[in-house]
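Q: Here you go, sequence then predicted model.
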Amino acid sequence: MSLLVVTVGLFSLGMYGALTRRDLVAILASIEVMLGSATLLLVGLAAAGTPVGPSEGAVEATGVMVIVLAAAEAAIGLALVISVARRFKTTRIDELAEVKG
Amino acid sequence: MSVLLDYGWSVVLIPLVLSVPVAVFGRALGRFMPVLAIFGPLWVLVYGIYALADDSAASSRAGSVEWLTVADAGGLSVGWAVDGLTAVMLVVVGVVAALVVMFSAGYMAGEQGLPRYYAALCLFTAAMSMLVVADGLLGLFIGWELVGACSYLLIGFWFTRPAAAKAAVKAFLTTRVGDVGLLLALALLWREVGDLSYAAVFAAAPALPASVVTAASLLLLVGAIGKSAQFPLQIWLPDAMEGPTPVSALIHAATMVAAGVFLIARAWPLFSLSSDALAVTLAVGGITAIGAAAAALVQTDIKRVLAYSTISQLGFMFAALGAGAWGAAMFHLVTHAAFKALLFLGSGSVIHESGSQELGQMGGLLRKMPITGVTWLIGAGALAGLPPLSGFFSKDEVLHDVAGVAPAWAAVLFGASLLTAFYIARTTRLAFFDSYRGSVHPHEGAWNMRVPLIILAAFAATLGFAATFLANSIGAHHGALDLAVAVGSTALALVGLAAGWIVAGRAHHDLAQTRWPGLVALMRSGWGADAFVERVVLTPVNATSRVLYSGADRRVIDAFVEGTASAARRMGRGLASLQSGDTQWYATMLGAGAVALLALVSYVGRGL
Amino acid sequence: MSLESIIFAILGVIAVSGGILTVFARDVTRMAMGLGAFLIAVAGFFVYWGATFLGVVQLFVYIGGVLVLMIFAIMLVHRSPDGSPLLESRHDVAALAVAGGLFFMVVTALRGYVPDSVDQGITSGPTELSEAFLGPMLTHFEMGGVLLLAVLVAVVVILGGEDR
């Protein structure tokens, strides 16, 4: 129960951050929290003996895949942030919403 | 059983696959594009001949192989099955399609967008083969819709011409009315039988309640009426003549419009159980046969004459079906495919050379275009029912069978035969005899336009002697020649031919035109069917919308709207905040949706 | 209170406070520190549950790579000219409702499926992991490689285009 509450709680927390933060970098950070908590729940389930995949190795492999995806997402996201910051001189999403072009 | 016959799907796949390189590399292929495109129809023809020659295939409706499972719920599958009826249709489709592709190489030379044209022809061949070889109503329906789509594409080939674009839409929408009937028949049979394969439907048919059988048969008939341009859905076919003439020969004379007849012949074990449906079919066929033949009497456009003639001849087939003689209907379908395709290609040859579709711009072409002229005469004789040409045998069988069931309708069909001879004689004289009235110098077309005419003329002349073979192949009853009917119809044909010949000679004086201008105009417009649709369907719809606009909309709704404008504006502002361009707000809504779905599944959908 | 519970509690507290800092901190540096704490706690959970390799990867890739990258980006981008707070919140009520609703619904839905205690632990090591990658998850592995290659190219394209 505590595992579920902690991981889902962290996921919701990250989601709240992703929905409310005004800065692109902060939104990315919140999304990292969501990803991390989801992996945590998956690995936790495997550790608790619940069959969540073909094998324990596969569960760990899934965790590695999530990390790879997160790294890729962070790389692309931050590249975009830097590109946007260069062009519009801001990384605030509310200001960006008003920028045309 | 020949090994070749195990590959029934190939008659669909080969033309289908061929259409891709034709469309993509057509421009690069240039003159060789028709050479590539013709392999699709040729394969269908080869396969059909093999199937026809194979006894085991001709004797059994079984031997279906599962082709593609669409959904496993209750075995809704698309399969193919080859039997005699299928084989006959495949040969018809293959021969006509191959010859039309060949003819097109001459007729369409120099046109823009030819890859599109030949690709659509290949696609049509594939769709028609699908319609024919399907082992169930579902596969037939897929092919049915695809031939309709190809018909739309090809009627509208010259889509920059407004008339062609309009005709394409009209054909598509009118046949769609019939397709709804077919779809409803499928739905009804699916509900009652739980399977759409012919075998299952026919096995279950005798046990079904009479009302269901009648309803399903009538719905199938509605589909057939739409596709075969029968009364009251005949209005699209004359307009479909806006398409290229070879297309008219293939789709709107020989194959697609005959699909309605094929459908009923195919579904015969079900259809024949409902005497009501048969009676309706007989009436529809009879009315169409005489009405369209009369409309063909006064047309001035050679293709429109042939279009009304096609409607009329399809009416003969429907009448035969209604009289219970599906074998006779199929026989007439085959001979009609030959001689009507011949007439259409002949008219195409004439139009190509004289540059006009108007009969008034022709005349004396027999001497200028002897091969076209002679083959036309053979086709015209077959259409009029002169012995020993093919149309004579098949039409007499239809007349004989109808006379045995409903003498009154047989009399109507005899009248229609008389009119048939009349209009074809008139058209023939106007186009091919007397002196040339046009302004260009027509001469015989290229070899690839002459050869199809000669081949089709050979078929049109001799197919009548294949009656027994055909009847045995499709497993239908074939009666001996009825001497009384034969003599009577031949006499009528001769009378009609003579009358038509005489009238055409005086056509310059416009005898009928001056004496009964109203009647002629009415008949020329196809008995005012378009005006009727305009008055009964379009005008009320327009009037209703006008009333709704001026009465309901202006006085009631506008007042209401203006009264509540401020509320709407407030609401609009509220709704506009949903569309703010704010990504995070969108994401929030997305999350809210996910939560709502989870709640729905957890609380409401627990039982699901 | 057993040792397991104590370790779980400690790691949980670190993770949750790190998460809270990530989401609520007004200062960029604190946000980065919070994210670091959260990620280290997650790695700790992995190591503690026996998924040592995963924990090490988490440390290396996330904390050594992603977090450093993020801090780097923050330093590149955030030179606040007007001194206004860079991190502030909006849509709080709606987002709170959605996040709270999601929490409630997911916990309700998964309650029966998640065991109370994490006692068994993961016994597999790098051998089983590589067997999984070369066996049932080979496609994932290959797609991950392709994805990283695409990312590499994409980053070059996104950032390289500016100079021209």
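A: Nice, thanks for sending it over. These numbers come from a predicted model, not from an experiment. Residues are numbered from 1 along each chain as shown, chains lettered A, B, ... in the order given.
Q: Which residue ranges of chain A form helices?
A: Here chain A has its helices, by DSSP state H, at A:2-20, A:24-47, A:56-88, A:93-98.
Q: Chain C now?
A: Going by DSSP H, chain C shows helices at C:3-24, C:28-49, C:52-57, C:68-77, C:92-110, C:126-134, C:138-160.
Q: Measure how buried residue 49 is and give me the count.
A: Using chain A here. 15 (other CB atoms under 10 Å in any protein chain shown). The C-beta positions use only the backbone N, C-alpha and C, and glycine is treated the same way.
Q: could you do chain C instead?
A: Neighbour tally, C:Trp49, other CB under 10 Å: 21.
Q: quick one, domains of chain C?
A: C:3-80+C:90-133, C:134-164 (automatic domain parsing).
Q: Next, the contact list for B:Leu121, please.
A: Counting by CB atoms under 8 Å, 6 or more residues apart in numbering or on different chains, B:Leu121 touches B:37, B:97, B:100-101, B:104, B:150, B:154, B:247, B:250.
Q: what bits of chain A have low per-residue confidence?
A: Residue ranges of chain A with pLDDT under 70: A:1, A:53-54, A:97-101.
Q: does B:Ala164 really touch B:Glu242, like I thought?
A: Yes: the pair B:Ala164 and B:Glu242 passes the contact test of CB atoms under 8 Å, sitting 4.1 Å apart.
Q: more crowded one of the two?
A: B:Glu242 (23 against 20).
Q: For that one, give me its contacts.
A: B:155-156, B:158, B:161, B:163-164, B:167-168.
Q: do B:Val46 as well
A: B:Gly94.
Q: From B:Leu52, how far off is it?
A: Going from B:Val46 to B:Leu52 by CB to CB, to the nearest Å gives 11 Å.
Q: quick revisit: let me know the closest of the contacts of B:Leu121 to C:Pro136.
A: Using CB to CB, B:Cys150 comes nearest to C:Pro136 of the contacts of B:Leu121, at 46.3 Å.
Q: elements contacting whichever strand or helix holds that closest one?
A: Here B:Cys150 is covered by helix B:137-155, with elements defined by DSSP states H and E. Applying 3 or more CB pairs under 8 Å, 6 or more residues apart in numbering or on different chains; DSSP states H and E, one finds that helix B:137-155 makes contact with strand B:76-80, helix B:114-133, helix B:162-193, helix B:210-227, helix B:259-266.
Q: Buried residues of it, list them for me.
A: B:137-148, B:150-155 (16 or more other CB atoms under 10 Å in any protein chain shown).
Q: can the helices of chain C go into a markdown table with extra columns for distance to B:Val213 and mean pLDDT?
A: Converted to a markdown table, the helices of chain C look like this (distance: least, CB to CB, whole Å; pLDDT from 0 to 100):
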| stretch | distance to B:Val213 | mean pLDDT |
| --- | --- | --- |
| helix C:3-24 | 69 | 88 |
| helix C:28-49 | 68 | 89 |
| helix C:52-57 | 67 | 87 |
| helix C:68-77 | 73 | 76 |
| helix C:92-110 | 51 | 86 |
| helix C:126-134 | 60 | 83 |
| helix C:138-160 | 53 | 88 |
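Q: what's the closest of the ones you listed to B:Ala587?
A: Checking the helices of chain C against B:Ala587 by CB to CB gives helix C:92-110 as the closest, at 8.9 Å.
Q: which residues are contacting that closest one?
A: Counting by CB under 8 Å, 6+ apart, residues outside helix C:92-110 touching it are A:4-5, A:8-9, A:11-13, A:15-16, A:19-20, B:584-585, B:588, B:591-592, B:594-595, B:598-599, B:601-602.
Q: Check the offset of it from the chain's centre.
A: On the basis of CA atoms, centre = their mean, to the nearest Å, helix C:92-110 sits 20 Å off its chain's mean C-alpha point.
Q: same question, stretch B:9-23
A: Counting by CA atoms, centre = their mean, stretch B:9-23 comes out at 21 Å from the chain centroid.
Q: same question, stretch A:12-24
A: 10 Å.
Q: List the buried residues for it?
A: A:12-24.
Q: Touching both of B:Ala164 and B:Glu242, which residues are there?
A: Common neighbours of B:Ala164 and B:Glu242 (CB under 8 Å, 6+ apart) are B:155-156, B:158.
Q: tell me which of these is nearest to B:Ala277?
A: Checking the shared contacts of B:Ala164 and B:Glu242 one by one against B:Ala277 (CB to CB), the nearest turns out to be B:Ile155, at 30.0 Å.
Q: Next, the contact list for B:Val12, please.
A: B:80, B:126, B:129-130, B:133.
Q: please redo it, this time with the cut-off set to 7 Å
A: B:126, B:129-130, B:133 (CB atoms under 7 Å, 6 or more residues apart in numbering or on different chains).
Q: Please name the spatially closest residue to B:Phe432 (chain neighbours excluded).
A: B:Leu366 (4.1 Å; CB to CB, 6 or more residues apart in numbering or on different chains).
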